[in-house]
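Student: Structure for this input, please:
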Amino acid sequence: MPRYPLPDIPAGDRQARRRSPVRLLFFSPHYGTVGGVRLIIDALAGAARNAGHEVGAVVDGDVLRFPGWARELRLYPFPARTRDLRRLRRFARKLPVAAARLVGAVREFAPDVVSVHGMRRFAPYAALLRRVTRVPQILNLQEAALPPGQPENPGLFRMLVRAADAVAACSEEAAAYASTVGGARRVVVVPNGYDPGELEGAGSFPHPRAYVLGVGRLEAQKGFDLLIEAVARLARPDVDLLLAGDGSARGELAALAARHGVADRVRFLGETDRAMTVALLKGAALVACPSRFEGLPLVCIEALAAGRPVVASAINGIPEVIRDGETGVLVPCDDAAALAAALARLLDRPEEATRLGACGQALVERRHPWPAIAREYLALCVEVAAAHNRVAA
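Tutor: Presented below is the predicted three-dimensional model:
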């Protein structure tokens, strides 16, 4: 696979770039609804403000928590399947008004560059915005190839990627997908990170028994149905499963736990704040990420930063941080039996679990602190804005 390095910023250029702040606008239809998207935008926006840049946002909700100028705008997505004519007609009806409001909001803030997040099914809005306003865009790409059976629209993906002046992919796998399928003009890898300050002095979640932890939206993508089945297969009735997150599948997952006879060992914690999430990570015996598709999940990076061993699906960008037998254990996607075996192995071998956790912690401490990641992302934003201004002049 080709390498997609982080932007190489010569040391001599950094001070000059700090003297040239930009107006950076974050654009996402998922800021108010998808926790990972919000965490990434908050980390990048906070770092941008600290570096002297001006930040704004056009997002779907939670505008009061954004650290800067913000406008709320809810967009209707392009249908997952183009043969869904009812949704396609509704999209066509809603697009003109929503696009006009989007362009108006962007012109109000007058950014130098737009950072686009979570836009896979909203590609027409990004493409239209780039064409009408001519403001350069950076696509923050958090997912790539979808699993078999998931509706994919390569044309829509190409529209999104080709609207961007640069793609900042969260993993090498996503970068390769952006190049081969999307036809990206420029791709760099800017991985996700964690906040070291959140871990300093944080305590562990007080739970009376050992527990496996799952963190994320309760949706089919996250594979928590597999995790419940895997815990039911364990010959360890002394181990619980804690799920931090909420979503439309909560009722189905609770019913599944009851059918498997583990309802008393599965706790649904709902949405958790950052302090509780960190405490849960630090107290877990294991952290599981049995997703069916991902980019580079924050939960994997944060679990490693907390020194916890991770069992995860061998999909998308996950193997780039969860290295089998080195920083965690990888299992085939959609394989509850393999997931159960991996959980049992680490629960029965605490010395191996400790070794994996320590190796994973060392890896993310070297490569994934948000301050370092954000500097690279912001350098790319400044570079794209400067290149656009030179061409415009």
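Student: Only C-alpha atoms from now on, for both contacts and neighbour counts.
Tutor: OK.
Student: Show me where the stretch 201-350 of the chain has its strands.
Tutor: 210-215, 239-244, 266-270, 286-289, 310-313, 328-331 (DSSP state E, counting those that start in this stretch).
Student: just the helices in the stretch 151-300 of the chain please.
Tutor: Counting by DSSP state H, counting those that start in this stretch, the stretch 151-300 of the chain has helices at residues 154-163, 172-180, 196-199, 224-233, 250-259, 274-283, 298-305.
Student: which residues does Pro371 contact?
Tutor: Neighbour list for Pro371: 47, 195 [criterion: CA atoms under 8 Å, 6 or more residues apart in numbering].
Student: Now do stretch 359-376, average pLDDT.
Tutor: Mean per-residue pLDDT for stretch 359-376: 96.
Student: Need the distance between the two termini of it.
Tutor: End-to-end distance for stretch 359-376: 24 Å, by CA to CA, to the nearest Å.
Student: buried sites along it?
Tutor: Buried residues in stretch 359-376, defined by neighbour count with 16 or more other CA atoms under 10 Å: 359-361, 363-364, 368-371, 373-376.
Student: go on, stretch 59-76?
Tutor: Buried, per 16+ other CA under 10 Å, within stretch 59-76: 59-61, 63, 66, 70-76.
Student: now that stretch: mean pLDDT?
Tutor: 95.
Student: One more: stretch 143-157?
Tutor: 83.
Student: now stretch 88-108
Tutor: Rounded mean pLDDT across stretch 88-108 is 97.
Student: got the CA coordinates for that stretch in PDB?
Tutor: Output of stretch 88-108 as PDB, limited to C-alpha atoms (Å, rounded to 0.1, in the frame of the first residue of the first chain):
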ATOM      1  CA  LEU A  88     -34.800  10.900  -3.400                       C
ATOM      2  CA  ARG A  89     -37.700  13.200  -4.300                       C
ATOM      3  CA  ARG A  90     -37.700  14.500  -0.700                       C
ATOM      4  CA  PHE A  91     -33.900  15.200  -1.000                       C
ATOM      5  CA  ALA A  92     -34.500  17.100  -4.200                       C
ATOM      6  CA  ARG A  93     -37.200  19.200  -2.600                       C
ATOM      7  CA  LYS A  94     -35.200  20.100   0.400                       C
ATOM      8  CA  LEU A  95     -31.800  20.700  -1.300                       C
ATOM      9  CA  PRO A  96     -32.400  24.200  -2.700                       C
ATOM     10  CA  VAL A  97     -33.500  25.800   0.500                       C
ATOM     11  CA  ALA A  98     -30.900  24.100   2.700                       C
ATOM     12  CA  ALA A  99     -28.200  24.900   0.200                       C
ATOM     13  CA  ALA A 100     -29.100  28.600   0.200                       C
ATOM     14  CA  ARG A 101     -29.000  28.700   4.000                       C
ATOM     15  CA  LEU A 102     -25.700  26.900   4.000                       C
ATOM     16  CA  VAL A 103     -24.100  29.300   1.500                       C
ATOM     17  CA  GLY A 104     -25.600  32.200   3.500                       C
ATOM     18  CA  ALA A 105     -24.100  31.000   6.800                       C
ATOM     19  CA  VAL A 106     -20.700  30.400   5.200                       C
ATOM     20  CA  ARG A 107     -20.600  33.800   3.600                       C
ATOM     21  CA  GLU A 108     -21.500  35.300   7.000                       C
END
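Student: and it, how far out from the chain's middle?
Tutor: 25 Å (CA atoms, centre = their mean, to the nearest Å).
Student: and for that stretch, what are the contacting residues?
Tutor: Under CA under 8 Å, 6+ apart, the answer for stretch 88-108 is 25, 58, 71, 73-79, 82, 125, 128-129, 132-133.
Student: swap in stretch 180-197?
Tutor: 4-7, 40, 154, 157-162, 164-172, 175, 178-179, 296-298, 301-302, 305, 364, 368-371, 373, 376-377.
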